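Enquirer: With the input below, show me the fold.
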Amino acid sequence: MIQSSWRDNDLILYYREFTDQYDVFDYHEYQVVSNFLAYPNPFSETIKFQYILINDAQVKLKIYDFAGRLIDSPFDDYLELGPHFFDYENNTLSEGIYFYTLQFNEEKTLNGKIIFTK
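Expert: Next comes the predicted model:
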């Protein structure tokens, strides 16, 4: 959850209460998405991907295993600007480390690591 945000010219500063972290974004560099979170991490049943689209965008989520093999493509849709949430659940995953890519308009990509535990 975002505690507060501040914008000065082309920089945006966000404080995230959930992780107790500050993030600074260049507004022009990240003009598609902001406030991205993937939680809880590690997860045992469901992980929530949360973000705000600054512009309408085609959004794709892909999950890869540790070896880089595509495991799942659970989301591919055109979304309007605003806040969005996606709950990911996959009952066939084995315990371990997985990687995700969240792609916006075939241009901007957010990458990260998620850990699945039983």
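
Enquirer: Now do the strands in the chain.
Expert: Assigned by DSSP state E, the strands in the chain fall at 2-8, 11-16, 21-26, 33-39, 46-53, 57-64, 70-79, 82-89, 96-104, 108-116.

Enquirer: what about the chain, any weak spots by pLDDT?
Expert: By pLDDT under 70, the weakly predicted segments of the chain are 1-32.

Enquirer: which residues sit in contact with His84?
Expert: Taking Cβ atoms under 8 Å, 6 or more residues apart in numbering, we find His84 in contact with 50-53, 59. C-betas here are computed from N, CA, C, even on glycine.

Enquirer: now the closest residue to Asn105 other than its chain neighbours, which residues is it bridged with?
Expert: Using Cβ to Cβ, 6 or more residues apart in numbering and skipping residues adjacent in sequence, the residue nearest Asn105 is Ala57, 4.9 Å away. Per DSSP bridges, the residues bridged to Ala57 are Leu79.

Enquirer: mind checking how far Ala57 is from Leu110?
Expert: Noted for Ala57: a distance of 12 Å to Leu110, by Cβ to Cβ, to the nearest Å.

Enquirer: Number of residues surrounding Glu80?
Expert: Residues lying near Glu80 (other Cβ atoms under 10 Å) number 9.

Enquirer: Please apply the same query to Leu102.
Expert: Other residues close to Leu102 by other Cβ under 10 Å number 20.

Enquirer: For it, which non-adjacent residue is spatially closest?
Expert: Leu110 (4.5 Å).

Enquirer: What is the burial count for the one you found?
Expert: Using other Cβ under 10 Å: Leu110 sits among 17 other residues.

Enquirer: Over to Gln50?
Expert: By other Cβ under 10 Å, the residues close to Gln50 number 17.

Enquirer: quick revisit: the residue nearest to Asn105: what's it in contact with?
Expert: Ala57 neighbours (Cβ under 8 Å, 6+ apart): 32-33, 78-79, 104-105.

Enquirer: cool, Ile63 as well?
Expert: By Cβ under 8 Å, 6+ apart, Ile63 lies in contact with 70-74, 88, 90, 98-100, 114.
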